[in-house]
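K.L.:
what follows is a predicted structure for the sequence shown.
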Amino acid sequence: MKLFDNTEVAFSLKSNAELLRANFLYRMIQNQALVRIGSAITNFALKANLPVEGIIRATVFNHFCGGVTEEDCVPSIDKMYSKGVSSVLDYSVEGKEAESEFDETLAKVLKVIDFGKVNKAIPFAVFKPTGLGRFALFQKITEKEVLTAAEEVEWQRVVARFDTIGKAAYEKGFPLLIDGEESWMQDAADDVIEDLMERYNQERPLVFNTLQMYRHDRLDYLKALNERALKKGFFIGMKVVRGAYMEKERARAEEKGYESPICIDKRATDENFDAASLYMMDRPNMALFAGTHNEHSTYLIMDWAKKYGIEKKDKNLWFGQLFGMSDNISFNLSNAGYNVAKYLPFGPVKDVMPYLIRRAEENTSVAGQTSRELDLISEERTRRKQ
């Protein structure tokens, strides 16, 4: 039996009722039309303040999220850590526009750093760039438009929020993951994050940016960043993922008449992901957080770790999956002795819905992902009946 086929290990923390719920959710997610209709109805119900939060919490929210607050997440954190799987607490509130909301996200991330510093089950803090500033502002800078005087002041506040988090992570020795977003705002985020790396990654890779490898330009970006890092003497931390905004990226490129930044097909994306992972593992100045639900890529990284003499518990090699997904990878990897962390989203139900809808849409669009989950659940339910 291959490592990731062991359903007894994969679902050791799930009750029969939780397996049944997972089976129901993934069967729903498998239907593209149902996901679209369900997302629209849910959004409408929440905006109209209809009493649906209880239903959402009992189903999709509890499957993919840890809770409403950090404290809500503690039972899930402790439970997973009993099997050696760590948690990355992710305040998954998206699409905010007000300065007070950005300051609230800043406070949340700082709290997670404090929370994680005294809890060995939490090895990283994380945030999205647009959790700290308006998307349109990042976009304007990425597109090299001139900012107004008011926007300049606003941008300085955004940069200050980044630095406040970077400084707190550095002073407390607590690693920091920064998520990737849409290509038309990412350059501005990359520049700010590189500044943080130059400042706070002098001793070790503490600040991690994210490479979305469905973009065909990201390996070149990584190589150019490495040249700058070697000249300036700072370490590079990278979370390498396939990507989260493919449909939106392609639609915008077609609408606006520019070349799509997305790889031509799934195979090209897979090859790009593997190439970036291999490039990083062969360089001692880099730390890799491999955010992947792809079993083949995970096996490759395990093989390369052996080839390059990288220990299973090397602090510069982590595997990551999302809470509620790919437990067969997470728990079997941990059982085999590797560093593994689950992204554990939290936040008010209403505010976390955009994240949950994106998860459902991703699972619908990724060929084989949902059917693999369903097959594993079915195997485990059969095994338990024997």
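P.N.:
Yes, it's here.
K.L.:
mind jotting down where the helices sit in the stretch 151-300 of the chain?
P.N.:
Assigned by DSSP state H, counting those that start in this stretch, the stretch 151-300 of the chain shows helices spanning 183-200, 218-232, 246-256, 266-281, 295-307.
K.L.:
and of those, who's closest to Gly84?
P.N.:
Of all the helices of the stretch 151-300 of the chain, helix 295-307 sits nearest to Gly84, with 15.8 Å by C-beta to C-beta. All C-beta atoms are positioned from the backbone trio N, CA, C, and that covers glycine.
K.L.:
okay, now the unreliable bits of the stretch 101-250 of the chain?
P.N.:
Across the stretch 101-250 of the chain, nothing is flagged by pLDDT under 70.
K.L.:
for Glu53, give its distance to Ile262.
P.N.:
35 Å (C-beta to C-beta, to the nearest Å).
K.L.:
settle it for me: which of those two has more neighbours?
P.N.:
Neighbour count, other C-beta atoms under 10 Å: between Glu53 and Ile262, Ile262 has more, with 21 against 16.
K.L.:
show me what contacts that one?
P.N.:
214-216, 243, 246, 249-250, 253, 269 (C-beta atoms under 8 Å, 6 or more residues apart in numbering).
K.L.:
can you give me the pLDDT of it?
P.N.:
According to the prediction, Ile262 has pLDDT 97.
K.L.:
how much space separates it from Ala268?
P.N.:
Distance from Ile262 to Ala268, by C-beta to C-beta: 9 Å.
K.L.:
need the residues touching each of those two.
P.N.:
With C-beta under 8 Å, 6+ apart as the test, Ile262 and Ala268 both reach His216.
K.L.:
before we move on, back to that, TSV please, covering the helices of the stretch 151-300 of the chain and showing mean neighbour count.
P.N.:
Conversion of the helices of the stretch 151-300 of the chain to TSV gives the following (neighbours: other C-beta atoms under 10 Å):
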stretch	mean neighbour count
helix 183-200	20
helix 218-232	15
helix 246-256	14
helix 266-281	19
helix 295-307	16
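K.L.:
Gly66: which of these is closest?
P.N.:
helix 295-307 (23.2 Å).
K.L.:
can you check what angle separates the closest one from helix 266-281?
P.N.:
20 degrees (axes from the mean of the first three to the mean of the last three C-alpha atoms, to 10 degrees).
K.L.:
neighbouring contacts of helix 295-307?
P.N.:
By C-beta under 8 Å, 6+ apart, helix 295-307 touches 3-4, 270, 273-274, 277-278, 281, 288, 290, 292, 310-312, 314, 317, 319, 329, 333, 338.
K.L.:
make it 7 Å
P.N.:
With contacts defined as C-beta atoms under 7 Å, 6 or more residues apart in numbering, helix 295-307 is touched by 4, 270, 273-274, 277-278, 281, 290, 292, 317, 319, 329.
K.L.:
please apply the same query to stretch 144-157.
P.N.:
137, 140-141.
K.L.:
domain map for this structure?
P.N.:
1-65+352-386, 66-346 (automatic domain parsing).
K.L.:
select only the buried ones of the contacts of stretch 144-157 in PyMOL?
P.N.:
Typed into PyMOL, the line below selects the buried ones among these, using 16 or more other C-beta atoms under 10 Å:
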select buried, resi 137+140+141
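K.L.:
can you flag which of the contacts of stretch 144-157 belong to helices?
P.N.:
137, 140-141 (DSSP state H).
K.L.:
quick one: Phe127 from Asp274, how far?
P.N.:
For Phe127, the distance to Asp274 - C-beta to C-beta - is 27 Å.
K.L.:
so what's the residue nearest to Tyr308 when sequence neighbours are not counted up against?
P.N.:
Spatially, and ignoring its direct neighbours in sequence, Tyr308 is nearest to Met281 (5.7 Å; C-beta to C-beta, 6 or more residues apart in numbering). Contact analysis of Met281 by C-beta under 7 Å, 6+ apart lists 288, 304-305, 308, 310.
K.L.:
biggest separation within the residues you listed, which pair?
P.N.:
Going by C-beta to C-beta, the pair spanning the contacts of Met281 furthest: Leu288 and Tyr308, at 11.2 Å.
K.L.:
please save the CA atoms from stretch 359-379 in CSV.
P.N.:
Only the C-alpha atoms of stretch 359-379 are listed here, as CSV (Å, rounded to 0.1, in the frame of the first residue of the first chain):
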residue,chain,number,x,y,z
ARG,A,359,-12.7,26.4,-1.7
ALA,A,360,-15.8,24.8,-3.2
GLU,A,361,-15.1,26.3,-6.6
GLU,A,362,-11.5,25.1,-6.5
ASN,A,363,-12.5,21.6,-5.6
THR,A,364,-15.1,21.6,-8.5
SER,A,365,-12.5,22.8,-11.0
VAL,A,366,-9.5,20.6,-10.1
ALA,A,367,-9.9,17.3,-11.9
GLY,A,368,-9.8,14.3,-9.7
GLN,A,369,-9.5,16.1,-6.3
THR,A,370,-13.1,15.7,-5.2
SER,A,371,-13.4,12.1,-6.5
ARG,A,372,-10.2,11.2,-4.7
GLU,A,373,-11.6,12.6,-1.4
LEU,A,374,-14.8,10.6,-1.9
ASP,A,375,-13.0,7.4,-2.8
LEU,A,376,-10.8,7.6,0.4
ILE,A,377,-13.9,8.4,2.6
SER,A,378,-15.7,5.4,1.0
GLU,A,379,-12.7,3.1,1.7
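K.L.:
please enumerate residues in contact with it?
P.N.:
7, 10, 19, 22-23, 26-27, 29-30, 32, 35, 39, 64, 244, 247, 266, 293, 328.
K.L.:
please flag which of these sit within helices.
P.N.:
Filtering the contacts of stretch 359-379 for helices - DSSP H - leaves 7, 10, 19, 22-23, 26-27, 29, 32, 35, 39, 64, 247, 266, 328.
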